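**Student:** Let me see the structure of the following:
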Amino acid sequence: MLARARRRLEEQIEVGAYLALYLALDWISLLDPIGAVDITPWNPPAGLTFALLLLRGPRRIPAVFVAATLANLMLHGFSQAPVALIAWGLIIAAGYGAAAHLLRERFRISPQLAGHNDLALLFAVAGAAAALIAPAAVLLFATAGLLAWAEAGVAALRFWLGDVIGIVVLTPFLLLLADWRHKLGRLRPEHGLHLVAIGFGLWIIFGWEETNHFELSYVLLLPLVWIALRDGLFGATWGIIATQLGLMAAIQLKGYDSGVVTQFQFLMLAVAATGLFLGAVVDERRRAETSLRRHEAELAHASRLQASGEMAMALAHELNQPLTALIGFARACQGVLEAPAAAAEPSRRAAIELIDQTVQQATRAGDIIRGAREFLRRDDSRRVRIEVPHVVEVALDLMRGEAAQHGVRIEVQLPPGLPPLLADPIQIEQVLLNLLRNSIDAMARARTAGASIVLSAVPVTEEPPAVEFAVRDTGPGFPAELVGRLFQPFATTRTDGMGLGLSISRSIVEAHGGRIWLAGSSDRGTEIRFTVPIDHVDVDAG
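**Tutor:** Alright, predicted model coming up:
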C-alpha cells in the first residue's frame with residue numbers, strides 16, 4: 001500500500017512538472033508569431049511532449065491534452081473559441097500520442113537512442129506526425145476565425161517546422177537526460193570551450209553587418225562536429241540546444257522578419273540532424289570498440305581456461321605412468337616382506353603397514369587424477385546457431401593488427417550460402433585465432449617474403465554434414481619430426497612456446513563432433529583443415 005501511494009505521488013509530481021515546463025517553454029517560444037493563435041518558428045513544447053510520450057507511453061496522453069488546452073487558454077487567446085480550444089488539445093494529444101506509440105510498440109526504438117537507426121525513425125515518424133497535425137490545426141484555426149485563410153499555407157509550413165525543430169532539438173536531449181547523473185559527472189573544462197566556440201560561430205554570422213549571413217552559416221556545424229566527436233550523442237544534444245538558443249536570441253536582437261526566421265530554422269534543422277547523426281555514429285563506434293575489447297577478453301579467458309585444461313590433462317597423463325609404477329613397486333615390496341622366508345623381526349609388521357598406507361595414498365592420487373581428467377573432458381560449451389561469415393569476420397578483426405605488424409596479407413574465400421553451424425562461437429573463433437596466429441608467427445620468424453594466408457570454408461557431405469575450414473600459409477612448414485605429434489600437448493617449434501595451441505584446437509574441434517588434420521606441409525607452406533558440424537535444423541529443412 002505504501003509503495004502504491006508513493007508511486008502515485010511520483011506520477012503526480014511528474015505530471016505537474018510537465019505541465020509547468022510546458023507552459024514555461026510555450027511562453028518563452030512566443031517569437032514572431034503568426035495570427036491570433038501565435039504560430040511560432042520554434043515550438044519546444046512539442047519536443048517536451050514527444051519525450052514524455054516516448055518514455056511513459058499512452059498513459060500520459062491525458063496530461064498532454066490538459067497541457068495543450070491550458071497553454072491555448074492562458075497564452076494564445078482561445079477563450080473566445082472553446083470548441084477550437086478542445087479540438088486543438090485533442091489533435092495534439094492524439095497525433096503525437098499515436099506517433100510515440102508507433103515508435104515504442106511497432107518500431108521498438110530504444111528510449112536511449114542506441115543508434116542512428118533509432119534517430120532516423122524518430123525524425124521520420126515525428127516529421128510525418130507533424131505533417132498531419134499542422135494542416136489539421138491550421139484548418140481548425142481558419143474555420144474558427146482565428147487565422148486568415150490567406151495565411152494558411154505559410155502558417156502550416158511554420159507550424160510543421162516549429163514542431164519538428166522542437167522535437168529534433170529537445171527530444172533527444174530529454175531522452176538521454178534520464179541518465180543525467182552519469183552524464184553530468186563527465187563535465188570537463190573543455191565543455192566551456194565548446195560554448196565559446198558556439199558563441200564565436202554565432203558572432204561570425206550575425207556580428208558583421210556587411211556580410212551575407214547565410215553564406216557563413218556552415219560555421220555553426222564546426223563546434224557541433226567537435227562536440228559530437230568528443231562526447232557522442234549526448235554532447236551533440238546539448239550543443240544543439242545551446243546553438244538553437246543562441247540563434248533565436250541573435251535573430252530577436254537583429255529584428256529579422258518572419259521569412260528570414262523561417263530560413264534560419266530550416267538551416268538549424270539541417271545542422272541539428274547532422275550533429276545528432278554524427279554523435280550517434282560516434283557512440284556506435286565506441287560501443288563496437290568496447291564490445292570488441294569484453295570479446296577479446298572473453299577469448300583470452302577462454303584460451304587460458306582451455307590451456308589450463310590441456311595442461312592438466314597432459315600432466316595427468318604424464319603422472320599416471322610413474323604412479324602406476326610406484327604402485328607396482330610398492331606391491332612387490334609388500335609381497336617380499338610378506339613372504340614366509342622373510343625375517344620375523346618386529347619392525348616387519350610396521351613396514352608392511354606403512355607400505356600399505358603408501359599404496360592406498362598412491363591409489364587415491366591416481367583416482368583424483370583420473371577424476372580430474374574426466375572432469376576436464378566434459379563439454380560445457382554453449383552451442384548456438386552461428387553464421388560462418390560472422391565468426392570468420394570476428395577472428396579477422398582480432399588478427400588484422402598483428403598481421404599488419406608482420407606484413408602478412410590475409411585473404412578470405414567464402415562461397416555464398418554457407419550453412420550455419422551449431423557451435424560455441426567463442427571456441428570456434430579460438431581455433432581460427434590459434435591457426436592464424438601460428439601461421440603469422442612462423443612466417444614472421446622465417447622472414448618469409450610475400451607472406452600470406454588464405455582462410456577458406458566450404459560445405460562437405462560427411463556424416464554429420466559439416467563446414468570444412470582451411471588455413472593455408474606460405475610459411476616454412478613443420479619439421480618432419482614434429483608432424484606425427486603435431487596435435488599433442490607440448491609439441492612446438494618455438495623455444496619459448498608451450499605447444500598447447502594445436503592441442504587446444506584439436507580438443508575444441510573434437511568436442512564439437514568435428515576433426516582437425518594437417519593437410520599439407522612443405523617449405524612452400526602449410527595447410528591445416530578442420531570441420532565443424534552444421535546446424536541440424538538447417539539440414540532437416542534442406
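**Student:** On the pLDDT front, check Arg529 for me.
**Tutor:** On pLDDT, Arg529 comes in at 94.
**Student:** Test my guess that it contacts Val509.
**Tutor:** No - using Cβ atoms under 8 Å, Arg529 is not in contact with Val509, being 10.2 Å away. Where you see a C-beta, it was placed from the backbone N, CA and C, and this is true even at glycine.
**Student:** and for these two, which residues touch both?
**Tutor:** Residues touching both Arg529 and Val509 by Cβ atoms under 8 Å, 6 or more residues apart in numbering: Ile516.
**Student:** Helix or strand: which one has Arg385?
**Tutor:** strand 384-386 (DSSP states H and E).
**Student:** List the strands paired with that strand, with their directions.
**Tutor:** Sheet pairing for strand 384-386, assigned by DSSP bridges, gives strand 421-423 (antiparallel).
**Student:** Quick check: next helix or strand after the partner strand?
**Tutor:** Following strand 421-423 toward the C-terminus (DSSP H and E): helix 425-446.
**Student:** Report the next helix or strand after that following helix in sequence order.
**Tutor:** That would be, after helix 425-446 and using DSSP H and E, strand 452-460.
**Student:** buried residues in the very next helix or strand once past the strand holding Arg385?
**Tutor:** Downstream of strand 384-386, the next assigned helix or strand under DSSP H and E is helix 388-405. Buried residues in helix 388-405, counting neighbours by 16 or more other Cβ atoms under 10 Å, are found at 388, 391-392, 394-396, 398-399, 403.
**Student:** Rebuild these as a markdown table, extending it with pLDDT.
**Tutor:** Output for the buried residues of helix 388-405, formatted as a markdown table (pLDDT from 0 to 100):
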| residue | pLDDT |
| --- | --- |
| Val388 | 93 |
| Val391 | 90 |
| Val392 | 92 |
| Val394 | 85 |
| Ala395 | 85 |
| Leu396 | 87 |
| Leu398 | 77 |
| Met399 | 82 |
| Ala403 | 87 |
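**Student:** quick one: buried residues of stretch 222-233?
**Tutor:** 223-224, 226-228, 230-233.
**Student:** Using JSON lines, lay out the residues you listed together with secondary structure and pLDDT.
**Tutor:** Output for those, formatted as JSON lines (DSSP: H, G, I helix; E, B strand; the rest coil; pLDDT from 0 to 100):
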{"residue": "Pro223", "secondary structure": "helix", "pLDDT": "91"}
{"residue": "Leu224", "secondary structure": "helix", "pLDDT": "90"}
{"residue": "Trp226", "secondary structure": "helix", "pLDDT": "90"}
{"residue": "Ile227", "secondary structure": "helix", "pLDDT": "90"}
{"residue": "Ala228", "secondary structure": "helix", "pLDDT": "90"}
{"residue": "Arg230", "secondary structure": "helix", "pLDDT": "88"}
{"residue": "Asp231", "secondary structure": "helix", "pLDDT": "86"}
{"residue": "Gly232", "secondary structure": "helix", "pLDDT": "88"}
{"residue": "Leu233", "secondary structure": "helix", "pLDDT": "89"}
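**Student:** follow-up on the earlier one: and the furthest pair within the buried residues of helix 388-405?
**Tutor:** For those, the farthest-apart pair by Cβ to Cβ is Val388 and Ala403; their separation is 20.0 Å.
**Student:** Point to the residue nearest the middle of this structure.
**Tutor:** Arg287 (4.7 Å; Cα atoms, centre = their mean).
**Student:** And the pLDDT for that residue?
**Tutor:** So Arg287 comes in at 79 (pLDDT).
**Student:** Equivalent analysis for Phe487, please.
**Tutor:** For Phe487, the predicted pLDDT is 71.
**Student:** Skipping its backbone neighbours, what lies nearest it in space?
**Tutor:** Arg506 (4.3 Å; Cβ to Cβ, 6 or more residues apart in numbering).
**Student:** For the one you found, grab the count of nearby residues.
**Tutor:** 22 (other Cβ atoms under 10 Å).
**Student:** What distance do you get for Met278 to Leu193?
**Tutor:** Rather than Met, residue 278 is Leu. 18 Å (Cβ to Cβ, to the nearest Å).
**Student:** of those two, who's got more company?
**Tutor:** For Leu278 versus Leu193, neighbours defined as other Cβ under 10 Å are more numerous around Leu278 (20 against 13).
**Student:** Mind telling me what element that one is part of?
**Tutor:** helix 258-338.
**Student:** Now Ala98: closest residue in space that isn't a chain neighbour?
**Tutor:** What sits nearest to Ala98 in space, not counting adjacent residues and going by Cβ to Cβ, 6+ apart, is Ala129, at 7.3 Å.
**Student:** buried ones in the one helix or strand that neighbour maps to?
**Tutor:** For Ala129, the host element (DSSP H and E) is helix 116-143. Across helix 116-143, burial judged by 16+ other Cβ under 10 Å covers 116, 118-119, 121-123, 125-127, 129-130, 133-138, 140-142.
**Student:** how's this structure carved up into domains?
**Tutor:** 1-172, 300-377, 384-541 (automatic domain parsing).
**Student:** Now the weakest link among the ones you listed, please, by mean pLDDT.
**Tutor:** Note on the domains of the chain: lowest mean pLDDT is at domain 300-377, with a mean of 59.
**Student:** Contacts only, for the residue lying closest to Pro135 once chain neighbours are set aside.
**Tutor:** Computed as Cβ to Cβ, 6+ apart, the closest residue to Pro135 that is not its neighbour in sequence is Ala156, at 5.1 Å. Going by Cβ under 8 Å, 6+ apart, Ala156 touches 134-135, 138.
**Student:** Could you export those to CSV, including columns for distance to Pro172?
**Tutor:** Formatted as CSV, those follow (distance: Cβ to Cβ, whole Å):
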residue, distance to Pro172
Ala134, 21
Pro135, 26
Val138, 27
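**Student:** out of those residues, who's nearest Ser217?
**Tutor:** For these, the nearest to Ser217 is Ala134 (24.9 Å; Cβ to Cβ).
**Student:** Give me the distance between that closest one and Leu396.
**Tutor:** With Cβ to Cβ as the criterion, Ala134 and Leu396 are 50 Å apart.
**Student:** go on, Gly145?
**Tutor:** Taking Cβ to Cβ, one finds Gly145 at 69 Å from Leu396.
**Student:** Can you give the contact residues for stretch 261-271?
**Tutor:** Taking Cβ under 8 Å, 6+ apart as the rule, stretch 261-271 contacts 31-32, 41-42, 157-158, 161-162, 164-165, 168-169, 214, 217, 220-221, 224, 240, 243-244, 247, 251, 256.
**Student:** same thing but 10 Å
**Tutor:** Stretch 261-271 has contacts (Cβ atoms under 10 Å, 6 or more residues apart in numbering) with 31-32, 40-42, 123, 127, 154, 157-158, 161-162, 164-165, 168-169, 205-206, 213-214, 217-218, 220-221, 224, 239-240, 243-244, 247-248, 250-252, 254, 256.
**Student:** could you flag which of these are buried?
**Tutor:** 31-32, 40-42, 123, 127, 154, 157-158, 161-162, 164-165, 168-169, 205-206, 213, 217, 220-221, 224, 239-240, 243-244, 247-248, 250-251, 256.
**Student:** so of those, which ones are in strands?
**Tutor:** The members of the buried ones among the contacts of stretch 261-271 all map outside strands under DSSP state E.
**Student:** Is the residue nearest to Phe487 within a helix or a strand, and which one?
**Tutor:** Assigned by DSSP H and E, Arg506 falls within helix 501-511.
**Student:** Show the end-to-end separation of stretch 38-46, please.
**Tutor:** Length of stretch 38-46, first residue to last, Cα to Cα, to the nearest Å: 15 Å.
**Student:** Would you mind measuring from the residue nearest to Phe487 to Phe65?
**Tutor:** 69 Å.
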